[in-house]
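>>> Provide a 3D model corresponding to the input given below.
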Amino acid sequence: MPAAGDYIWRWFLSLHNGRGSGGFGPNPISSIEIQAWSQLEGIRLAWWELKALRGMDAAFMSVTSVQNEEETPDPKEWDDLPEPERKVHVARHIKNVLRA
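Below is the predicted model:
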């Protein structure tokens, strides 16, 4: 990232550290979370800064999604897995199906 955009990266990391998660992994950073963060920090975002933060979050979520899909074995192999591990893979599979 260019040095001029370093502050946006720091903002993203600050937002990312407060990111919520569900049973299927990290959640996208919501508009309400961005608004609350900017008010607490006393930052008034320009439209392009908001767009940059959303783009960074979309990239993070995209990479996270691909990692989850790669870690999930073929459903035909689930019966051979221990019960706790099978539940994790079933949950990831359901998440991926619902996302599609």
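>>> Give me the distance between residue 85 and residue 6.
41 Å (Cβ to Cβ, to the nearest Å). For glycine as for every other residue, the C-beta is placed from the backbone atoms N, C-alpha and C.
>>> State the mean pLDDT of stretch 48-62.
Averaged over stretch 48-62, pLDDT sits at 90.
>>> Buried residues, that stretch. List them.
For stretch 48-62, burial by neighbour count (16 or more other Cβ atoms under 10 Å) applies to 49, 52-53, 56-57, 60-61.
>>> Out of these, which is nearest to residue 22?
Distances from residue 22 to those, taken as Cβ to Cβ, are shortest for residue 61 (12.6 Å).
>>> hang on, the earlier thing: just checking, which of the buried residues of stretch 48-62 belong to helices?
Under the assignment DSSP state H, the buried residues of stretch 48-62 contribute 49, 52-53, 56-57, 60-61 to helices.
>>> what's the weakest-modelled helix or strand in the protein?
Across the helices and strands of the chain, mean pLDDT, DSSP states H and E gives its lowest value to helix 83-99, namely a mean of 64.
>>> tell me which residues in stretch 28-43 are buried?
Of all the residues in stretch 28-43, those buried under the rule 16+ other Cβ under 10 Å are 29, 33-34, 37-38.
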